[in-house]
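Colleague: quick check, what structure comes out for this input:
(2 chains)
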Amino acid sequence: MLNFTIRRLILAVPTLLFISLVIFLLLELAPGDPMAQVPLTVPPEVKEKMREALGLGQPMHIRFWKWIVQFFWIEPQVLVDAMFGTTFSEGDLRVISWQTRSPVMDIVVQRIPQTLWVVGTAYVVAILIALPIGIYSAYRQYSWFDQMGTFVSMIGFSVPPFFSGVLVIVIFSVQLGWFPSIYDTTLVVNSWDSFVLQLKQMIMPVMVLALQITAQLSRFMRASMLDNLNQDYVRTARAKGLSEYTVVMVHVLRNSMIPVVTVIALGIPAIFGGAIITEQVFKVNGIGQLLIGAIQANDLPMVQTLTFIFAVLIVLFNLIADVLYGILDPRIRYD
Amino acid sequence: MTDHNHSDTLIPDEGLAPASTALPTADVLEELATPPRSQWRDVWDQFKTHKGAMLGAVLFIFIVAAVYLGPYLWTIDPTQIDIRSRNQGPSFAHPFGTDQLGRDIMARMMSGGQTSVSVGITAMLLALFLGSFIGVVAGFFRRLDGPLMRLTDLFLALPLLPLLLVMMLLFREPLSAAFGLERGIFILIVCAIGITSWMPTARIVRGDVLAIKEREFVLAARSIGTSNSQIITRHILPNVLSPIMVSATLGIATAIITESALSFLGLGFPPDFPTWGRLLFDGVDYLQQYPERVFWPGLAISLTVLSVNYLGDGLRDALDPRIRGR
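Modeller: Have a look, this model is predicted:
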């Protein structure tokens, strides 16, 4: 298992390098000029200097190498410095945003907590709802509960977040006036009242995200339970005289959870990507909204870094899912 | 369709004695009397029993017809501005009301639907072509299997929505300069969605091709000197048609949602060129006063995707011979 993990970790390096190259080339070969916004009255030689100040003067491969160094060598040093108060990264050039002229990673670090709060809560809520629904749907296959579950998850699949989000805004903030339609990030939770406010503003984005995740997870849980419910060991367990609860919740559930756990792990990066739209709808200023803002402002270093962070998340959670599968299911041996 | 599709049903049971020695039972006689049924007839019969799928198919056909044929019946120009009758509620003259410039929302929904549905179908066809091609090649030629599947894995590891957004940002201007504003963005969106959504199809098709390649009829075809390209087109492709068809329906759904998402984020078609996502995006500004403006395009997107999903669900059941028998 350890061998496998190490091998996968080493394999992840070329994957990530390739992805960073793809992102870099996409941005590089695209025929857009970062100087397009500069007024025409600015003389060409000044423009050339501005271009060099942005680091655009050098050939492509050198800039790629510099970006790699900045991202994989200097940024981790900054992180270490921030954590332990050391000075490894002093004087080194970091990835600078063209919008704010400040290091990209600093802005990302400011934005990540909002995303994590909303997305993380939604994921936990969705798992808590989806698992019982999936278990019961499988146990009572083709009952009205199961049919309802199928229908609701079909709706969860089909209604895109930009519609369900807007719909809950219309219902709960415009018509009923229960929840605020805009997420207030500056809210500091230090009393009961502010906690209630925080709860209120989180309900709608969490609801929208959770609906989507629940739809997928509950279907998967159901399928996995159904696969196991007809196995011989279940009959054996019943024949031994175990209670129905023990049979389903201990014997079947534990075996059914193996693929579900890996799917949960695989879904986490996709959620970060999907949260881009939800963040936009509810004006949560997380990393998704940061990406949209950077794209609209033509801030290429920011776009590059954020896209790459998403890629790292995908590769990382793929790896985690594979390792988890091996740990949870002793029948699977990668070595 | 070639005979090989029947290999599931035509292989005799192992225990069956040769026909000349066994007495023909009533069962066999009856079977001989009924005319042979084609595979597609069986598929259709199974498909009919799936109520959701039938409903989905009817709904999808209705939406497509309404969107493409509707403008012949409802002849108001979607871009016609009538500022005197702006922001009207539903009436006989304008069943869905009018927008802030007095344009008829029903006409805009139809022309928006044309764009959304054509983007969905074209992008799906592109993704399907890429996916099937890569899947068949990877499954059939062992030497290409490794590299192509590594490529698929790499594509699966790309963050798709951010990349789509970046592509929209970067290639919008040059393509609209080259092909005209609307056509350029249409090409861009279709290509972007197609290039980023072929991977699941490729994986499924490769798996099926790997299994089918080892079957006897492929060996037989090879033994009479059929060339590789002919084996692929005449023997392999018809047999992997069912997973391809299922991923086609699901592909339409994801393509429509992706296009609407791009339009919703303001990175899709230009503002005066309606699509369902764009109409939804424009409606959000008037959310408080006229919530119905958000409702109609959203409902159209959701219903289309829902119907296509049910269609795919029924198709999957109908095309699976293991389920079809029951």
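Colleague: show me where pLDDT drops low in the stretch 1-150 of chain A?
Modeller: Low-confidence segments of the stretch 1-150 of chain A (pLDDT under 70): A:30-38, A:54-57, A:87-93.
Colleague: near chain A, which residues of the stretch 201-326 of chain B?
Modeller: B:253, B:257, B:260-261, B:264-267, B:277, B:280, B:283-284, B:287-288, B:291, B:294-295, B:298-299, B:301-302, B:305-306, B:309-310 (C-beta under 8 Å from any C-beta of the partner chain). Where you see a C-beta, it was placed from the backbone N, CA and C, and this is true even at glycine.
Colleague: can you tell me which of those are buried?
Modeller: Buried members of those, scored by 16 or more other C-beta atoms under 10 Å in any protein chain shown, are B:253, B:257, B:260-261, B:264-265, B:267, B:277, B:280, B:283-284, B:287, B:291, B:294-295, B:298-299, B:301-302, B:305-306, B:309-310.
Colleague: could you list which of these belong to helices?
Modeller: B:253, B:257, B:260-261, B:264, B:277, B:280, B:283-284, B:294-295, B:298-299, B:301-302, B:305-306, B:309-310 (DSSP state H).
Colleague: just the pLDDT for residue B:307.
Modeller: Note on residue B:307: pLDDT of 90.
Colleague: now do the contacts for it.
Modeller: B:55-57, B:59-60, B:63 (C-beta atoms under 8 Å, 6 or more residues apart in numbering or on different chains).
Colleague: now do 7 Å
Modeller: B:56, B:59-60, B:63 (C-beta atoms under 7 Å, 6 or more residues apart in numbering or on different chains).
Colleague: just the element for the spatially most central residue of chain A, please.
Modeller: Centroid-nearest residue in chain A: residue A:272, 2.1 Å away (criterion: C-alpha atoms, centre = their mean). For residue A:272, the enclosing helix or strand under DSSP states H and E is helix A:253-282.
Colleague: relative orientation of that helix and helix B:276-284 in degrees?
Modeller: Comparing the axes of helix A:253-282 and helix B:276-284 via axes from the mean of the first three to the mean of the last three C-alpha atoms, to 10 degrees yields an angle of 60 degrees.
Colleague: what's helix A:253-282 packed up against?
Modeller: When contacts are defined as 3 or more C-beta pairs under 7 Å, 6 or more residues apart in numbering or on different chains; DSSP states H and E, helix A:253-282 packs onto helix A:104-139, helix A:161-168, helix A:192-229, helix A:287-296, helix A:300-328, helix B:160-179.
Colleague: now render the ones you listed as TSV, adding distance to residue B:106 and mean neighbour count.
Modeller: Formatted as TSV, the helices and strands packed on helix A:253-282 follow (distance: least, C-beta to C-beta, whole Å; neighbours: other C-beta atoms under 10 Å in any protein chain shown):
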stretch	distance to residue B:106	mean neighbour count
helix A:104-139	36	19
helix A:161-168	19	24
helix A:192-229	28	19
helix A:287-296	31	23
helix A:300-328	39	21
helix B:160-179	28	19
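Colleague: now distance to residue B:231 too, for the ones you listed, in JSON lines please.
Modeller: Formatted as JSON lines, those follow (distance: least, C-beta to C-beta, whole Å):
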{"stretch": "helix A:104-139", "distance to residue B:231": "42"}
{"stretch": "helix A:161-168", "distance to residue B:231": "45"}
{"stretch": "helix A:192-229", "distance to residue B:231": "35"}
{"stretch": "helix A:287-296", "distance to residue B:231": "46"}
{"stretch": "helix A:300-328", "distance to residue B:231": "34"}
{"stretch": "helix B:160-179", "distance to residue B:231": "34"}
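Colleague: among the contacts of residue B:307, which are located in helices?
Modeller: Checking those against DSSP H, those in helices are B:56, B:59-60, B:63.
Colleague: residue A:78 and chain B, how far apart?
Modeller: 23 Å (C-beta to the nearest C-beta, to the nearest Å).
Colleague: secondary structure element holding that residue?
Modeller: Using DSSP H and E, residue A:78 falls in helix A:75-84.
Colleague: buried residues in that helix, which are they?
Modeller: For helix A:75-84, using 16+ other C-beta under 10 Å, the buried residues are A:75, A:77-78.
Colleague: and residue 305, what does it touch?
Modeller: Picking chain A for this. Residue A:305 neighbours (C-beta under 7 Å, 6+ apart): A:95, A:104, A:108.
Colleague: I was after chain B.
Modeller: A:158, B:253, B:256-257.
Colleague: count of residues packed around the nearest residue to it once chain neighbours are set aside?
Modeller: Take residue B:305 and drop its neighbours on the chain: the residue closest to it by C-beta to C-beta, 6 or more residues apart in numbering or on different chains is residue A:158, 4.1 Å away. Residue A:158 has 23 neighbours, counted by other C-beta atoms under 10 Å in any protein chain shown.
Colleague: what of residue B:127?
Modeller: Neighbour tally, residue B:127, other C-beta under 10 Å: 27.
Colleague: my understanding was that it contacts residue B:196; is that so?
Modeller: No: assessed by C-beta atoms under 7 Å, residue B:127 is found out of contact with residue B:196, at 8.3 Å.
Colleague: re earlier: how about a markdown table for the contacts of residue B:307, with pLDDT added?
Modeller: Converted to a markdown table, the contacts of residue B:307 look like this (pLDDT from 0 to 100):
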| residue | pLDDT |
| --- | --- |
| B:56 | 86 |
| B:59 | 89 |
| B:60 | 89 |
| B:63 | 88 |
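Colleague: closest to chain A out of the residues you listed?
Modeller: residue B:56 (9.6 Å; C-beta to the nearest C-beta).
Colleague: hang on, the earlier thing: can you lay out the contacts of residue B:307 as JSON lines showing distance to residue A:213 and neighbour count?
Modeller: As requested, the contacts of residue B:307 are exported to JSON lines (distance: C-beta to C-beta, whole Å; neighbours: other C-beta atoms under 10 Å in any protein chain shown):
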{"residue": "B:56", "distance to residue A:213": "23", "neighbour count": "25"}
{"residue": "B:59", "distance to residue A:213": "26", "neighbour count": "17"}
{"residue": "B:60", "distance to residue A:213": "26", "neighbour count": "21"}
{"residue": "B:63", "distance to residue A:213": "27", "neighbour count": "19"}
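Colleague: quick check: the two most widely separated of the residues you listed?
Modeller: B:56 and B:63 (10.5 Å; C-beta to C-beta).
Colleague: what's the neighbour count on the nearest residue to residue A:115 once chain neighbours are set aside?
Modeller: Closest residue to residue A:115 in three dimensions, ignoring its sequence neighbours and counting by C-beta to C-beta, 6+ apart: residue A:286, at 3.1 Å. The local packing of residue A:286 (other C-beta under 10 Å) involves 26 other residues.
Colleague: so what pLDDT did residue A:286 get?
Modeller: At residue A:286, pLDDT is 82.
Colleague: wait, doesn't it sit right on residue A:114?
Modeller: Yes: contact status for residue A:286 versus residue A:114: in contact at 4.2 Å, counting by C-beta under 7 Å.
Colleague: where does chain B dip in pLDDT?
Modeller: B:1-33, B:85-87, B:92-94, B:102, B:321-326.
Colleague: distance between the lengthiest helix in it and the chain's centre?
Modeller: The longest helix of chain B (DSSP H) is helix B:105-140. Helix B:105-140 sits 6 Å away from the centroid of its parent chain (C-alpha atoms, centre = their mean, to the nearest Å).
Colleague: what's the angle from it to helix B:276-284?
Modeller: 140 degrees.
Colleague: give me the buried positions along helix B:105-140.
Modeller: B:105-128, B:130-132, B:134-140.
Colleague: what do you get for stretch B:273-283?
Modeller: For stretch B:273-283, by 16+ other C-beta under 10 Å, it's B:273-283.
Colleague: list, one by one, the residues from the stretch 151-300 of chain A near chain B.
Modeller: A:154-155, A:157-160, A:162-163, A:166-167, A:169-170, A:174, A:273, A:276-277, A:280, A:291-292, A:295 (C-beta under 7 Å from any C-beta of the partner chain).
Colleague: related to what we said a few turns ago, my read: the residue nearest to the centre of chain A touches residue A:313, true?
Modeller: Yes: taking C-beta under 7 Å as the definition, residue A:272 is a contact partner of residue A:313 at 5.9 Å.
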